[in-house]
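1. build me a model from this:
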Amino acid sequence: MRSKRNRNTLSFYQKKKRITPGVIREIFSWIFVTILAIVLSIVLVLSFGMQVKVIGDSMEPGLFNGQGVLVDRVLTKIVSPKTGDIIVFLPNGNVNSHYYVKRVVASPGDTVQIIEGVLYINGQLSEEDPDDYDKMEDAGIAANAIKLGSGEYFVLGDNRNSSEDSRSANIGIVKHSMIVGKAWFKLKSEDASGGPILNNY
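-> All right, here's what the predicted structure looks like:
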């Protein structure tokens, strides 16, 4: 009887001994690293990123009115936007304006023109899939060929006939200095699912 009690006591102490100060330190170390990673992520998002809401139906069916998008404000300063990217900008740098969310269809050095409702880049039919977009009823200022200079972009909404974009004289060519950042992630909304924003080209 005594021998059995001794064995049970010994077994209890052996199990208890497994939780050493080293194990406790390791657990707290992992907790600290996890908390630090979360805090750093929040700081990075708040410092270098931002969230804006799409206004209007100009980017449907990819982005819907009121849907939030996350914007990368840092990478755009290092790597210039390219054709197919969705950018967020303030027209003419007007800080009192709401943020515009549009797709880049022509980049610096390109010549853009809209002929019979179809987009032409450098005299060639655009590489975008014509099945993705309606013919444009209004060519606006792009009825005549426009040569883009350094740091200049031509943007259109995906819902071409319900979009105020570079065709409109009051917006026109988007300069690099007007660009706030590149939209890279769309948040889930009542009308659409969330996820990464893909280049349409």
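2. chain neighbours aside, what residue packs nearest to Ser126?
-> Leaving aside its sequence neighbours, Ser126 sits nearest to Leu119 (CB to CB, 6 or more residues apart in numbering; 4.2 Å). Where you see a C-beta, it was placed from the backbone N, CA and C, and this is true even at glycine.
3. isn't the one you found right next to Val112, touching?
-> Yes. With contact defined as CB atoms under 8 Å, Leu119 reaches Val112; the gap is 7.3 Å.
4. overlap in contacts of these two?
-> Val105 (CB atoms under 8 Å, 6 or more residues apart in numbering).
5. once you drop chain neighbours, what's closest to Gly66?
-> Closest residue in space to Gly66, ignoring its immediate chain neighbours: Lys53 at 5.8 Å, by CB to CB, 6+ apart.
6. what's the pLDDT at that neighbour?
-> For Lys53, the model assigns a pLDDT of 94.
7. what's the local residue count around it?
-> Neighbour count of Lys53, defined by other CB atoms under 10 Å: 15.
8. contact partners for it?
-> By CB under 8 Å, 6+ apart, Lys53 lies in contact with Gly66, Gln67, Gly68, Val69.
9. neighbour count, pLDDT and distance to Lys182 for the residues you listed - can I get that in a markdown table?
-> Output for the contacts of Lys53, formatted as a markdown table (neighbours: other CB atoms under 10 Å; pLDDT from 0 to 100; distance: CB to CB, whole Å):
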| residue | neighbour count | pLDDT | distance to Lys182 |
| --- | --- | --- | --- |
| Gly66 | 12 | 93 | 20 |
| Gln67 | 22 | 94 | 16 |
| Gly68 | 16 | 93 | 15 |
| Val69 | 24 | 93 | 10 |
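10. nearest to His176, of those?
-> Nearest to His176, judged by CB to CB, of the contacts of Lys53 is Val69 at 19.7 Å.
11. summarise which helices and strands the helix or strand hosting the closest one is packed against.
-> Val69 is part of strand 68-72, with elements assigned from DSSP states H and E. Under the contact criterion of 3 or more CB pairs under 8 Å, 6 or more residues apart in numbering; DSSP states H and E, strand 68-72 touches strand 49-53, strand 86-89, strand 179-186.
12. can you tell me which of those strands is most buried?
-> Of all the helices and strands packed on strand 68-72, strand 86-89 has the most neighbours on average by mean count of other CB atoms under 10 Å, namely a mean of 24.
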